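> Any chance you could fold what I've pasted below:
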Amino acid sequence: EHVGIKVNSRKILGSILPLLGVPSDRLASVCIALDKLSKIGDVQVKEELTSVLELDPVGIDRIVDVAGCKSVEELEGLIEDITSVGVVDPEAMSDVGTALQEMKQLFTIAKECGVAEYIGFDASVVRGLAYYTGIVFEGYDKLGELRAICGGGRYDGLMTLYGAKQEI
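Predicted structure coming up:
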């Protein structure tokens with residue numbers, strides 16, 4: 001009752017960024033900047049994103065808007081808004097759909113296991129480390145007296161970075 005878990009997915013952010021004209025190799029830089037939102041605020045994060053990305057202010061605003069979503073449904077509405085203004089690559093939309101479906105599946109499983117009341121979507125949870133590849137999480141106290149209590153996430157292929165001969 002005193003703790004909760006905020007979840008997001010790097011796959012979701014990684015699939016949305018190309019819709020905004022951000023190259024996939026900039027995902028880590030975007031995540032590092034967005035990870036600071038709660039600490040330094042959106043104005044400074046936008047400044048940092050502007051210095052890292054060659055993107056117009058509207059695109060920068062959209063990235064911060066994405067990070068501000070507090071439900072999958074809110075994020076889906078924003079994605080519809082983003083994609084309604086131009087031609088969208090069908091493969092990019094497929095990637096977005098797959099990533100969103102994985103997140104919805106997590107919430108379905110949480111409900112089936114009776115723990116859904118402890119889990120909430122928060123698109124600002126990105127974890128600043130570059131090796132996360134999928135769902136990420138942060139445990140927090142609901143009174144807001146502490147920062148993240150714990151955090152982590154999925155990281156495909158991490159062991160190969162540390163010398164494993166094959167993916168484990």
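> hey, let's count contacts and neighbours off CA atoms from now on
Will do.
> Find the residue ranges of this protein scoring beneath the pLDDT cut-off.
87, 128-130, 168 (pLDDT under 70).
> a strand runs through Glu54, doesn't it?
No - assessed with DSSP: H, G, I helix; E, B strand; the rest coil, Glu54 is coil; it does not lie in a strand.
> Quick check: the gap between it and Thr108.
Glu54 sits 38 Å away from Thr108, going by C-alpha to C-alpha, to the nearest Å.
> can you map out the strands along the protein?
3-9, 119-121, 135-141, 150-153 (DSSP state E).
> and the nearest residue to Arg154 once chain neighbours are set aside, how many neighbours?
Among residues not flanking Arg154 along the chain, Gly134 sits closest, at 5.1 Å (C-alpha to C-alpha, 6 or more residues apart in numbering). Gly134 sits with 20 neighbouring residues when counted by other C-alpha atoms under 10 Å.
> can you give me phi and psi for Gly134?
Phi and psi for Gly134, reported as degrees, to the nearest 10, are phi -140, psi -130.
> From Lys142, how far off is it?
As for Gly134, its distance to Lys142 is 25 Å (criterion: C-alpha to C-alpha).
> and if you look at Gln166?
41 Å.
> Between those two, point out the one with more neighbours.
Higher neighbour count among Gln166 and Lys142: Lys142, with 13 against 8, using other C-alpha under 10 Å.
> related to what we said a few turns ago, so for Glu91, which of the strands of the chain sits nearest?
Nearest of these to Glu91, taken as C-alpha to C-alpha: strand 3-9 at 18.4 Å.
> List of residues touching that closest one?
99, 103, 118-126, 133-142 (C-alpha atoms under 8 Å, 6 or more residues apart in numbering).
> one more time with 6 Å, if that's ok
Strand 3-9 is contacted by residues 118-123, 125, 134-142 when judged by C-alpha atoms under 6 Å, 6 or more residues apart in numbering.
> Please apply the same query to stretch 19-26.
The contact list for stretch 19-26 (C-alpha under 6 Å, 6+ apart) reads Gly59.
> Convert the C-alpha atoms of that stretch to CSV, please.
Below are the C-alpha coordinates for stretch 19-26, written out as CSV (Å, rounded to 0.1, in the frame of the first residue of the first chain):
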residue,chain,number,x,y,z
LEU,A,19,8.1,9.0,-36.2
LEU,A,20,9.5,12.3,-34.9
GLY,A,21,12.5,12.3,-37.2
VAL,A,22,15.0,11.1,-34.6
PRO,A,23,17.6,8.5,-35.8
SER,A,24,17.6,5.3,-33.9
ASP,A,25,21.2,5.8,-32.9
ARG,A,26,20.1,8.8,-30.7
